[in-house]
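A.B. asks: Provided below for reference: sequence and predicted model.
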Amino acid sequence: MEVAVKGRNISLTEALERHAREKVERVHKFFDDEKSDARAEVELFHQRNSSIPDPEVAEATLFINGSVLKAREASGDMYASIDGMYEKLERQVKRYRGRQIDRWHGKKGQAKVSEDGAAPAATRTEDELETRIVRTKQFQMKPMTSEEAALQMELLDHAFFVFTSAETGDINVVYRRRDGDYGLIEPVR
């Protein structure tokens, strides 16, 4: 597995890079070496805001067979952050592999997602409602079924996922409903 480690706002020592690389390479044991097309990007950085109690952050993005898994951990020590990030990534890989195996064996696991209990956003004045695009993301959209898109959304821990439908070739959106089920938005011509 190809692993790229980079640092931001820190001096990336050889020992730190080796520790991060070894941890992330461990998740490759869950995949068949010949069939998996895996690569990982690890970013280690120090947040320069003194009000943040855990400034040492380790983020990993794993690209495997067209799927993307992400893990992030912050703590007061970079080595502890890397270890925590690895544990999260390992849990995601195990869950991903379990769902792949279930799908191969014809099991249809209807996963319910629990409400996160977050408080509703405070009401804002008209001045604060000005539309601003603060981040742009670009990604390749491989054709997939709505079930595969829901799995990707869950693995990324997002509330929605945009994908190209394998059946129609149209751009669709799968999203998590408040009741824990999933919704699908399809274009009508």
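C.D. replies: That came through fine.
A.B. asks: the protein - how does it break down into domains?
C.D. replies: Annotated domains of the chain cover 2-104, 139-185 [automatic domain parsing].
A.B. asks: just send the ones you listed back as CSV, with distance to Arg132 and mean pLDDT too.
C.D. replies: No exception for glycine: its C-beta is placed from N, CA and C like everyone else's. Putting the domains of the chain into CSV (distance: least, C-beta to C-beta, whole Å; pLDDT from 0 to 100) gives the following:
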stretch, distance to Arg132, mean pLDDT
domain 2-104, 21, 84
domain 139-185, 20, 88
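A.B. asks: now the ones you listed in a markdown table, with distance to Ile133?
C.D. replies: As requested, the domains of the chain are exported to a markdown table (distance: least, C-beta to C-beta, whole Å):
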| stretch | distance to Ile133 |
| --- | --- |
| domain 2-104 | 22 |
| domain 139-185 | 16 |
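A.B. asks: what would those look like in a markdown table with mean neighbour count?
C.D. replies: Below are the domains of the chain laid out as a markdown table (neighbours: other C-beta atoms under 10 Å):
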| stretch | mean neighbour count |
| --- | --- |
| domain 2-104 | 16 |
| domain 139-185 | 15 |
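A.B. asks: does Leu12 touch Lys6 like I think?
C.D. replies: Yes: at 7.2 Å, Leu12 counts as touching Lys6 under the criterion of C-beta atoms under 8 Å.
A.B. asks: got any residues that touch both of these two?
C.D. replies: Residues touching both Leu12 and Lys6 (C-beta atoms under 8 Å, 6 or more residues apart in numbering) are Leu44.
A.B. asks: report the longest helix in the chain, please.
C.D. replies: Scanning the chain for the longest helix, with DSSP state H as the assignment, gives helix 78-104.
A.B. asks: against which helices or strands is that one packed?
C.D. replies: helix 14-25, strand 38-46, strand 56-64, strand 67-75, helix 146-156 (3 or more C-beta pairs under 8 Å, 6 or more residues apart in numbering; DSSP states H and E).
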